[in-house]
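S.K.: Structure of the sequence below:
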Amino acid sequence: MSRRETNRAVASVAGLRLARPSAPGAAAEAAPSSSAAMPSSTPFGSSRLSRAAPGAAEEAADADTSAAASASDWCGPFSVARRLINKREAARADREEKLREEAGAKEEAPRTALDEEAALLERRRRERLQPLLAWKPSFGEGHTNTRHQFESRKRQYSTMASASAPAVPSLSELCVSFLTANFAAIESLGGLDSASRNQLSAALAETNSLTDDACATVAGLKQEDEYYGAGALHTLEIPDGASLTAPGLLSLAEALFERDAPASHGIAVGHAGVAAASSLSDLLSSPPLEDRLDILSLSGAYTLPDSGFAAAVSNNLRSLAVLRLDTCPLLGPLLGSALAKLSRLEELSLENCNAGVLPAMLSSPPAFLSTLTSLSLRGAADLNDELLSKLLPLGGGVRVPLEHLDLSSTGVTDASLSRARRSVGGTLASLTLNLCRGLTAAGLEVFFAPGAELGPPVRLRKAVLSGLGCVRASEASAQASDASERERRG
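M.R.: Below you'll find the model as predicted:
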């Protein structure tokens with residue numbers, strides 16, 4: 001035997017040992033010395049690598065493939081992968097078939113009204129057992145959708161980022177900052193509108209630069225304004241007027257009325273201090289300006305006397321809609337008598353007012369009860385249940401559309417809460433009762449309890465009940481939210 005024949009016989013034996021037989025006894029099919037065919041070690045079966053015709057080779061491959069589909073004795077990675085793929089495809093086919101059967105069953109048996117009612121009862125039962133299932137986050141008043149949640153998170157992240165890195169200012173803020181830094185070089189503001197002038201005056205007040213000359217520039221009273229033209233100043237808004245002087249504020253107030261501006265005007269100055277002097281009240285009480293003031297807000301005006309306030313209010317009895325006179329120590333009975341005659345007042349704030357103002361205002365039924373929507377008497381010296389009952393009548397054909405009520409740091413008791421429930425419980429949306437030591441836990445429970453015999457149901461969107469002493473603020477707020485939720489569910 002030649003060397004070539006010997007090597008061929010060795011290769012044939014090795015091939016038979018490594019190849020997978022397609023059937024029992026397949027190892028004895030061909031003689032080792034046969035050079036016509038040799039088995040292959042592939043995952044597709046024990047096909048014969050022969051030099052026969054192409055047709056014969058294809059027939060052998062088909063036979064081996066069919067045998068490989070049923071055989072399971074191959075242990076190589078290719079065979080394992082093919083088995084996993086086949087199992088996955090079979091499982092997916094079964095799953096899709098089950099889904100089609102379930103969808104067909106649902107179409108055949110549609111849900112009835114009884115099914116919907118049963119599902120609703122089941123959901124309510126689960127909510128009673130687990131109240132957190134019905135919890136929804138709220139950001140602001142009446143906003144619970146995804147957009148408002150995103151906006152709230154964005155504001156939170158921007159606030160957190162502002163602590164570490166400065167925020168990018170807007171174009172308006174850049175302009176105001178530039179004008180404030182170079183205000184001494186400005187001759188006239190030209191046709192700048194009222195809102196922009198107020199924004200500029202507030203920025204000047206923050207830097208203690210709102211001098212009399214700056215006030216004249218903001219009001220457009222300089223000689224250069226006759227050439228450049230001055231924009232109308234309709235409403236005066238200065239959050240911090242501590243640096244204002246009486247002549248400066250007077251010049252700003254005069255600019256509101258001396259041009260042909262709209263009929264609505266407003267003056268809102270915080271920390272008025274010495275700026276709100278008698279000259280301002282003389283201007284507001286002059287006959288040419290009768291009923292031309294819609295908004296008057298002066299806080300901390302400690303130099304303006306009671307007669308000055310009363311004269312300004314009496315000259316605008318038919319036009320004043322918003323009146324805020326907070327922490328003005330010289331208020332007295334004269335102002336109280338004038339307040340009772342206001343006919344279209346919507347917002348009234350007399351925080352920290354002196355004794356004598358409220359008794360004078362409530363000596364007779366005020367004319368503004370049918371239009372009043374917001375009332376703040378925080379820290380009023382002589383407010384009690386008797387005086388509050390005159391602001392919250394129960395009969396007489398007068399309905400008070402009150403939405404916001406603040407009675408913090410006053411002497412009201414549970415009787416006032418009960419009266420407020422019967423008088424304005426259906427319209428009240430915001431209630432603040434900080435540091436009201438006369439209230440008890442029983443009074444709060446009656447105020448928020450359901451029941452038509454107690455008055456209209458309470459639908460508060462905001463309740464601030466801290467420092468009561470009788471009950472923790474968290475428990476009181478929980479009572480308020482529970483009452484509103486019960487009313488919402490009906």
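S.K.: Next, residue 357: phi, psi?
M.R.: Residue 357 adopts backbone torsions of phi -70, psi -50, taken as degrees, to the nearest 10.
S.K.: before we move on, what about residue 405?
M.R.: Torsion angles, degrees, to the nearest 10, at residue 405: phi -140, psi 130.
S.K.: residues contacting it?
M.R.: Shown in contact with residue 405 (C-beta atoms under 8 Å, 6 or more residues apart in numbering): 375-376, 420, 424, 428, 430-432. (C-beta placed from N, C-alpha, C; glycine too.)
S.K.: In helices, which of the residues you listed appear?
M.R.: 420, 424 (DSSP state H).
S.K.: what would the contacts of residue 405 look like in a markdown table with distance to residue 9, pLDDT and neighbour count?
M.R.: Formatted as a markdown table, those follow (distance: C-beta to C-beta, whole Å; pLDDT from 0 to 100; neighbours: other C-beta atoms under 10 Å):
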| residue | distance to residue 9 | pLDDT | neighbour count |
| --- | --- | --- | --- |
| 375 | 113 | 94 | 21 |
| 376 | 111 | 94 | 19 |
| 420 | 112 | 91 | 24 |
| 424 | 111 | 90 | 24 |
| 428 | 107 | 92 | 22 |
| 430 | 103 | 93 | 16 |
| 431 | 105 | 93 | 21 |
| 432 | 106 | 93 | 17 |
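S.K.: for the contacts of residue 405, which one is nearest residue 181?
M.R.: Using C-beta to C-beta, residue 376 is the member of those that lies nearest residue 181, at 37.3 Å.
S.K.: picking that back up, which one of the contacts of residue 405 is nearest residue 79?
M.R.: residue 430 (75.3 Å).
S.K.: ok, now how distant is that closest one from residue 375?
M.R.: 11 Å (C-beta to C-beta, to the nearest Å).
S.K.: Determine the residues that are contacts of both of the two.
M.R.: 404-405.
S.K.: what about the stretch 101-250 of the chain, any weak spots by pLDDT?
M.R.: The stretch 101-250 of the chain contains residues with pLDDT under 70 at 105-110, 133-166, 223-232.
S.K.: That one: helices as residue ranges?
M.R.: 113-129, 146-164, 171-181, 194-206, 212-219, 225-228, 246-257 (DSSP state H, counting those that start in this stretch).
S.K.: so can I have CSV of those showing mean neighbour count?
M.R.: Shown next, in CSV, are those (neighbours: other C-beta atoms under 10 Å):
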stretch, mean neighbour count
helix 113-129, 10
helix 146-164, 11
helix 171-181, 13
helix 194-206, 19
helix 212-219, 20
helix 225-228, 13
helix 246-257, 21
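S.K.: what mean pLDDT would you report for stretch 353-365?
M.R.: The average pLDDT within stretch 353-365 is 91.
S.K.: how much distance is there from it to the middle of the chain?
M.R.: 38 Å (C-alpha atoms, centre = their mean, to the nearest Å).
S.K.: Domain boundaries for this protein, per the record?
M.R.: According to automatic domain parsing, the chain is divided into the following domains: 3-62, 369-490.
S.K.: ok, now which ones touch the nearest residue to residue 425 once chain neighbours are set aside?
M.R.: Excluding the flanking residues, the one nearest residue 425 by C-beta to C-beta, 6 or more residues apart in numbering is residue 456, at 4.1 Å. By C-beta under 8 Å, 6+ apart, the contact set of residue 456 is 421-422, 425-426.
S.K.: mind running it again at 10 Å?
M.R.: Taking C-beta atoms under 10 Å, 6 or more residues apart in numbering, we find residue 456 in contact with 421-428, 487.
S.K.: any idea of the pLDDT on it?
M.R.: Per-residue confidence (pLDDT) for residue 456: 86.
S.K.: same deal with residue 78?
M.R.: 80.
S.K.: which SSE is it in?
M.R.: Using DSSP states H and E, residue 78 sits within helix 77-108.
S.K.: helices or strands next to that helix in the packing?
M.R.: Applying 3 or more C-beta pairs under 10 Å, 6 or more residues apart in numbering; DSSP states H and E, we find helix 77-108 packed against helix 54-70.
S.K.: could you give me the average pLDDT of the helix it packs on?
M.R.: What helix 54-70 shows for mean pLDDT is 50.
S.K.: sorry, back to before: need the contacts of residue 456 in JSON lines with distance to residue 118, can you?
M.R.: As requested, the contacts of residue 456 are exported to JSON lines (distance: C-beta to C-beta, whole Å):
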{"residue": "421", "distance to residue 118": "37"}
{"residue": "422", "distance to residue 118": "39"}
{"residue": "423", "distance to residue 118": "42"}
{"residue": "424", "distance to residue 118": "40"}
{"residue": "425", "distance to residue 118": "35"}
{"residue": "426", "distance to residue 118": "34"}
{"residue": "427", "distance to residue 118": "37"}
{"residue": "428", "distance to residue 118": "37"}
{"residue": "487", "distance to residue 118": "25"}
